[in-house]
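# Build me a model from this:
(2 chains)
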Amino acid sequence: MQTASHNPLMVGLSKTLLPEPSTLVIFGGAGDLSRRKLLPGLYNLMRDGVLPANFAVIGFARTELDDERFRALARESIEKYSRRSLDPDAFEHFARNLFFVRGGFADPAAYAALAKRLDEIEPGCGVPGNRIFYLSIPPSVMGVCVDQLQTAGLVRPAASSPFSRIIVEKPIGHDLESARQLNATVARVFDESQVFRIDHYLGKETVQSLLVMRFANSIFEPLWNQKYVDHVQITVAEEEGVGTRANYYEEAGALRDMVQNHILQVLCLTAMEPPWSLSPDVVRDNRLAVLQGLRPISGKDVDQYAVRAQYASGFHHGVEVPGYRNEPNVKPDSTTETFVALKCFIDNWRWAGVPFYLRTGKRMPKRASEIAVQFKEVPPILFNYDPQSPLEPNVLSVRIQPDEGLSLKIATKLPGPKVRIYPVKLDFRYGTTFGEQSPEAYERLLLDVMAGDATLFMRRDAVEASWVWVTGILEAWQEHSTRWLPQYPAGSWGPLEAEKLIGADARKWRAL
Amino acid sequence: MARAVSESVTSPRPVDVRAIERELAGLWHEPLGSVAAGAEGMEPATRACMSNLLIWCGTQEQARELPIEIGAIVERHPSRVLLLVGEPESEKAGLSASVSALCHPASAGRQICSEHVTLSAPSGSVERLPSIALPLLIGDLPTALWWAAPEPPTAGALFDDLAGMADHVIYDSAGWLDPVRGVVSVAGWAMELETRRVVSDLAWRRGKPWRRLVGQALDPQIAPGALESIEEVEIEHGPHALPQAWFLIGWLAGRLGWRPIAGKVAPGVAVTFGFESAKAPLRVTVRRLATGESELSRVAIRWSAKVGGGAATFAWDGRDRLGVLAGSSSASARILSVHHESRASLVARQMAKLFHDPLFRDTLALSRRMAEALLR
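Next up is the predicted model:
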């Protein structure tokens, strides 16, 4: 990629990296992620005119498909999941670049067939040999897949042209040890600069705009510290139960599935210091510093700072739904947590003493993810003199999904002769302010990989740092094994224990 | 694209000029509820506004072309639209005004609506328009002036007043009857105004994919020495696209340090320029095709044999693909996926750019020097 300093003709043109003509090989190409996100995302990128004109997609899986059936699967996926409706002409153009190779992830012959197919396809599609391997497969077969890629001669060294890159989908490991093992396996074959560990939360428009809000406005950053912030709440609530993911979820639980990756990454963006540039490693260094500053929670502290729970049967949108232990493929005596609430601290100058309350759960009343920064109360004089009816504090909430946007709660005077204070929300919504639709997180992230921009991807050290922090909690839970977890009715905001966790600090969870 | 986005348009409601603001406020109460939420299953309308958009049209005939474009603009960039129309043929005595709402479907069954005000003035009253428009601008929002008339915006009372209210002046030099004199005329005020306002020519924006592709293909790492050794440039364009060709030359000349020394016009057929560069003189030919799309069609660049020699030809490869179709082997790999954008789409995208473009300013300055070389 050329820079303006070498080429006067590139001065003034967008400094963002351009996606390079590439072939995307999706391991697990017929799987759920491919159908729901990747194929519709690529189609949308093409419709938006931002996908390189020269591209190819190869689905690789054991499923009995060929090119035509893979194209039919893509069509069906786009019709069902795409944010843009299927245009027959556009799809025909898109489908011409879709191919399928059938094979097992450990089968050398399948990789030889893949190599042969790549060599056949790329000249016709105008792709100069740039290859991106997307591991949308279980962690247990990632290692063998990476090794087979190398054995088949499909991996080029870092900084070579054409390039080889690899996208590793979560979960990256089951615990610290397995994450280290997986990272080491990938590192045997790929240089860190070729590895893109995806956490789709980082591709969400609001999450990215958090940096803009913090560092492109002068009014927030001066208040963004322990002097003015009372506490921060980060919530990722899911409506669904475990659904068809029980086999995975039984081994994972909410802490591994949500906190170790999505929530900690959002926490990092919320709490990080201003980076001195937007180059990928500078931003990622600052995110890592937050993880390194997280006060460990382990041993006896875990009961004080962490709550885990399981959803019981209840009503969801008026429909009775089973409890977690009664879901298909869940053990009847399962102690896998479907809800986690945490109180944590970042021991640095900026955040000393400010609690960050994190919560996530399945079968909650609605799907809602947000970051809420609650500011300290005004002094107890003038309008806030009555301790029996304190003023509502200012809260800046950033809605990650749905209805992306942000709102600021402020106190205002009700109309009338008397001074009566009432909290109102200043509300900004992406969906109603801007005419343009936000791209899906995966769309942005796929483009970034094609362009070689790793800013929104997790670096090896950050993944391992987040596992280090989470491991303290996991180990304590393992030591204090229990036959029953606290329960919360499906369709509620969590167990009483979570209310007590935050209530002990005379605070409460936000109603979303 | 200018699709029929604004099916949910309230009928323009004639209003007294002094009651426009009140009528606009009224739109968001009872009547709009039935109009904007008219489609079954639709939620009530939400008003959205990112900018004020002032549009000037010299005649009613020009204005008749605009509603679909305005609908497409506000779908992408919701705005309060003030359409100012001159009526030189009208025998009416005073100004007339109407208000309406433009709504388009958004996600989750919602409708997003923009306000639209049309102000029409017979020739004797045109100078009153700015004083009516000014209080209708929503404060604390960026204001764009789109000069939608086919003639170049020329400095004068009306333009000065309207530009004075705006943060951003947008015009389109494509289609000007005399682009050479138009460039000289516009550059006169634009160079000065650009220091205080953002000034944008849509013809400059249309050339962006070409600039990107040429810049990438001739990159020193791909075609070493080419940039310093260009000897000849040939550009072909369709009808009314001379300004776009002009800008491409001005951009190359500005970035690569060429100085215009001579120009010659073969009316309706070709324009030829001579430039001096640090290494050697070079020649640029711009040819007009009799038919085809109103845009650049082909650009051929040849550089000196002293650095290995080479040539690159840039052209459309299908409707939405712009590529290096021939040339040095390393340069030939690049193809850009380019959507042909409507004028409305360009205006909407330009409205979102609130920063000065020094590259455009430099190119405009050079374009003026090229035009002056022809007019000598």
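# By residue count, tell me the biggest helix in chain B.
In chain B, with assignment by DSSP state H, the single longest helix is helix B:358-375.
# For that helix, name the packing helices and strands.
Contacts defined by 3 or more C-beta pairs under 8 Å, 6 or more residues apart in numbering or on different chains; DSSP states H and E place helix B:358-375 against helix B:179-193, strand B:198-201, helix B:242-256, strand B:259-266, strand B:270-276. For the C-beta atoms, the positions are set from N, CA and C on the backbone; glycine is no exception.
# Mean pLDDT, mean neighbour count and distance to chain A for the ones you listed - can I get that in a markdown table?
Formatted as a markdown table, the helices and strands packed on helix B:358-375 follow (pLDDT from 0 to 100; neighbours: other C-beta atoms under 10 Å in any protein chain shown; distance: least, C-beta to the nearest C-beta, whole Å):
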| stretch | mean pLDDT | mean neighbour count | distance to chain A |
| --- | --- | --- | --- |
| helix B:179-193 | 88 | 20 | 17 |
| strand B:198-201 | 94 | 25 | 14 |
| helix B:242-256 | 93 | 25 | 4 |
| strand B:259-266 | 86 | 14 | 15 |
| strand B:270-276 | 90 | 19 | 15 |
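# out of the ones you listed, which comes closest to B:Ala72?
strand B:198-201 (17.5 Å; C-beta to C-beta).
# From chain A, how far out is the spatially closest residue to B:Lys92 that is not a sequence neighbour?
Distance criterion C-beta to C-beta, 6 or more residues apart in numbering or on different chains; nearest residue to B:Lys92, sequence neighbours excluded, is B:Pro122 at 5.0 Å. Distance, B:Pro122 to chain A, by C-beta to the nearest C-beta, to the nearest Å: 34 Å.
# My understanding was that B:Arg368 contacts B:Gly182; is that so?
No - counting by C-beta atoms under 8 Å, B:Arg368 sits too far from B:Gly182 to count as a contact (10.7 Å).
# Assign A:Leu396 to helix, strand or coil.
Secondary structure assignment for A:Leu396 (DSSP: H, G, I helix; E, B strand; the rest coil): strand.
# which residues sit in contact with it?
Under the criterion of C-beta atoms under 8 Å, 6 or more residues apart in numbering or on different chains, the contact list for A:Leu396 reads A:Phe220, A:Ala372, A:Val373, A:Phe375, A:Leu406, A:Ser407, A:Leu408, A:Lys409.
# where does the third one land on pLDDT?
Read that as A:Val373. Per-residue confidence (pLDDT) for A:Val373: 97.
# element containing it, please.
strand A:368-375 (DSSP states H and E).
# That strand close to chain B?
No - Strand A:368-375 does not reach chain B (C-beta under 8 Å from any C-beta of the partner chain); its nearest approach is 14.5 Å.
# which is the next helix or strand following the lowest-mean-pLDDT helix or strand in chain B?
Across the helices and strands of chain B, the lowest-confidence element by mean pLDDT, DSSP states H and E is helix B:30-36, at a mean of 49. Downstream of helix B:30-36, the first helix or strand assigned by DSSP H and E is strand B:45-47.
# Show me what that next one is packed against.
Packed against strand B:45-47 by the contact rule (3+ C-beta pairs under 8 Å, 6+ apart) you find helix B:30-36, strand B:111-122.
# mind running it again at 10 Å?
Applying 3 or more C-beta pairs under 10 Å, 6 or more residues apart in numbering or on different chains; DSSP states H and E, one finds that strand B:45-47 contacts helix A:430-433, helix B:20-27, helix B:30-36, strand B:96-105, strand B:111-122.
# Just put these in TSV and tack on distance to A:Arg36.
Below are the helices and strands packed on strand B:45-47 laid out as TSV (distance: least, C-beta to C-beta, whole Å):
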stretch	distance to A:Arg36
helix A:430-433	21
helix B:20-27	40
helix B:30-36	33
strand B:96-105	24
strand B:111-122	27
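# By mean pLDDT, show me the worst of these.
Set side by side, these give their lowest mean pLDDT on helix B:30-36, at a mean of 49.
# how about the helices and strands packed on strand B:45-47 in TSV, adding distance to B:Lys279 and mean neighbour count?
Converted to TSV, these look like this (distance: least, C-beta to C-beta, whole Å; neighbours: other C-beta atoms under 10 Å in any protein chain shown):
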stretch	distance to B:Lys279	mean neighbour count
helix A:430-433	51	18
helix B:20-27	61	16
helix B:30-36	63	16
strand B:96-105	54	23
strand B:111-122	53	24
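# before we move on, the earlier item: buried residues in the longest helix of chain B?
The neighbour-count criterion (16 or more other C-beta atoms under 10 Å in any protein chain shown) identifies B:359-364, B:366-371, B:373-374 as the buried residues of helix B:358-375.
# For chain A, state which of these is nearest.
Minimum distance to chain A across the buried residues of helix B:358-375 is 3.5 Å, recorded for B:Leu359 (C-beta to the nearest C-beta).
# Report whether the expected contact of the closest one with B:Leu252 is present.
No - contact criterion C-beta atoms under 10 Å: B:Leu359 and B:Leu252 do not qualify, at 11.8 Å.
# what do the two both touch?
Contact criterion C-beta atoms under 10 Å, 6 or more residues apart in numbering or on different chains; residues shared by B:Leu359 and B:Leu252: B:Arg211.
# give me the low-pLDDT residue ranges for the stretch 251-376 of chain B?
When residues are selected by pLDDT under 70, those of the stretch 251-376 of chain B lie in B:305, B:307, B:326-336.
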